[in-house]
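Q: sequence first, predicted coordinates after that:
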Amino acid sequence: MFNPTGNLFNCFLSEAQKGSVKHKEIPENIYERIYSCLLTPEEMAQNDYPLPTCMAKEGQVLPDDWVEVPMKASDIFIKEEFTRKNFKILSIDCEMCKSNDLSVLTRVSIVDIDCNVVYDELVMPEEPITDYLTPFSGITEERLKGVTTNIKDVQNRLLELVDSDTVLIGHSLECDLKALKFTHPYVIDTSILYTNSGGIFSKSSLKMLSHQWLKRSIQVDDGKIVGHDSIEDAKAAMDLVKLKLNNGLDFDKSYENLIQRLERYNKTSAFIDYVGKVQLLGVDAKHSIKCTNDDEVFAGVLNAISNNRNHIYHNFIWGKFKDLENLPEHENDKLTTLKQLNDRIEKIYSCLPAYTAFIVSSGSGNAREWENLYRKKMNSGVNWTAQDQEIYEKELLKGKIGLTFFRVKSDCENLDESEDK
């Protein structure tokens, strides 16, 4: 779904800028290149990775049913040591089914740097499966008949394959590691490595990256979705990393986000948003606040404006309200939420100094019906009609429509406000 607000964050690079980025010198040492692809401990935490004991807070231990390769905190992320070692590189992909609200492991596949399969196992979870998610997982009740391998067996095999000199690759690998109940400090995540290839407000899918950069179609069969093949996905992630290693980390860069552009010109930003967006965009901002509700967003924006008045200056301040978006579809009290949003916008505007550009954007339109239809379309057990497709396309168009308002506050308005006070 196209996001109008997200488009405001796209700052496309000129051909000259692309050229300077793509022709950066590539380190001769392959392990130096690999090191630059690794997620930092901070990035792992920001992207909700399970942290190994050697990276966790002192005294924090793993749950009893989790495993890891024992490593010392003093031995990890030492670049000089890393680049002298002969690291093993493995790509992992898992398939999961649902047990009520819980994701449970049902298949794990691992390939080496040459894309040879070193491990591929179906797994029978301890919990009863309530939804096989076949259109996505490719797993069926029939496929799991007679399977006796459990998660403990998989963990034991992982401890045989993975050691302290192993780098793990995957796409949104935190999900796979959680399903495996396994932690490791050296990881490369293609959903983060290629963040510049997708929309500013979202990570690119492995399917899209494979099509765009490998010219390879995955997760399809004669144009119809049949579920993911974890071997195919693990190979795609490995090949995407190799593409970066051979061509440089920024070879795919065609734009930068607005905050990165401003920082490049020594302009500072404050980013106040819900946790996920701060992790995705706010990491480049000088000042960022992770919020859990609109009250915190409102307070954070007002504080950032107040800081400007106190000479802690931000050239750009971002805040996002979600109460209206999160309101239940048939909520009767929508007017109250709209009034509160309007009051907050008015208050923010009244606090702005003169000559400030004020932008209010609705983002996408109401996409709830489209989301319901999308889930129906993805369900292989549901009959999809021509009428469904027609409604689907209309709702998609409705969801794409957004409104954005621009205004520059004049000095006269501030004078009027002073007189009112």
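A: Yep, it's here. Numbers count the residues shown, from 1 in each chain.
Q: list the contacts of the closest residue to residue 30 other than its chain neighbours.
A: The shortest distance from residue 30 to any non-neighbouring residue, by CB to CB, 6 or more residues apart in numbering, is to residue 245 (6.7 Å). (Each C-beta comes from the backbone N, C-alpha and C, glycine too.) The contact partners of residue 245, by CB atoms under 8 Å, 6 or more residues apart in numbering, come to 30, 33, 34, 37.
Q: tell me how far the last one lies from residue 243.
A: So the one you mean is residue 37. Distance of residue 37 to residue 243, computed by CB to CB, to the nearest Å: 11 Å.
Q: quick one on the thing from earlier: from the contacts of residue 245, which would you call buried?
A: With burial judged by 16 or more other CB atoms under 10 Å, the buried subset of the contacts of residue 245 is 33, 34, 37.
Q: now the most centrally placed residue in the chain: closest residue in space that isn't a chain neighbour?
A: Nearest residue to the geometric centre of the chain (CA atoms, centre = their mean): residue 203, 4.6 Å. Closest residue in space to residue 203, ignoring its immediate chain neighbours: residue 191 at 4.2 Å, by CB to CB, 6+ apart.
Q: just say helix, strand or coil for that neighbour.
A: Residue 191 carries the three-state label helix when classified by DSSP: H, G, I helix; E, B strand; the rest coil.
Q: shift numbering so it begins at 764
A: Sounds good: first residue 764 from here, last item residue 954.
Q: count the neighbours of it for me.
A: 23 (other CB atoms under 10 Å).
Q: now do residue 1001
A: Using other CB under 10 Å, residue 1001 has 24 neighbouring residues.
Q: likewise for residue 1087?
A: 14.
Q: just checking, next helix/strand downstream of the least confident helix or strand in the chain by mean pLDDT?
A: In the chain, the helix or strand scored least confidently by mean pLDDT, DSSP states H and E is helix 778-785, which has a mean of 62. Under the assignment DSSP states H and E, the closest C-terminal helix or strand after helix 778-785 is helix 793-800.
Q: for that next one, packing partners?
A: Helix 793-800 sits against helix 842-845, helix 993-1010, with contacts defined as 3 or more CB pairs under 8 Å, 6 or more residues apart in numbering; DSSP states H and E.
Q: now the strands for the protein?
A: Here the chain has its strands, by DSSP state E, at 773-775, 830-831, 851-862, 865-875, 880-885, 929-933, 945-946, 950-952, 1018-1020, 1032-1037, 1050-1054, 1079-1082, 1120-1124, 1167-1171.
Q: will you turn those into TSV that also has mean neighbour count, distance to residue 1107 and mean pLDDT?
A: Shown next, in TSV, are the strands of the chain (neighbours: other CB atoms under 10 Å; distance: least, CB to CB, whole Å; pLDDT from 0 to 100):
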stretch	mean neighbour count	distance to residue 1107	mean pLDDT
strand 773-775	14	26	76
strand 830-831	20	45	96
strand 851-862	23	38	95
strand 865-875	21	36	95
strand 880-885	15	52	98
strand 929-933	23	40	97
strand 945-946	23	41	96
strand 950-952	24	36	96
strand 1018-1020	19	25	75
strand 1032-1037	24	12	90
strand 1050-1054	19	13	88
strand 1079-1082	22	9	93
strand 1120-1124	13	11	94
strand 1167-1171	11	15	92
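Q: right, and these - which one's nearest residue 918?
A: Minimum separation from residue 918 across those (CB to CB) falls at strand 830-831, 4.7 Å.
Q: which helices and strands does that closest one pack with?
A: Strand 830-831 packs on helix 914-924, strand 945-946, going by 3+ CB pairs under 8 Å, 6+ apart.
Q: can you list the strands that the shortest one pairs with?
A: It refers to strand 945-946. With DSSP bridges as the test, strand 945-946 is paired with strand 830-831 (parallel).
Q: wait, what's in contact with the spatially closest residue to residue 811 that is not a sequence neighbour?
A: Nearest in space to residue 811, with sequence neighbours left out and distances taken as CB to CB, 6+ apart, is residue 937 at 5.5 Å. Residue 937 is in contact with 807, 810, 811, 812, 813, 952, counting by CB under 8 Å, 6+ apart.
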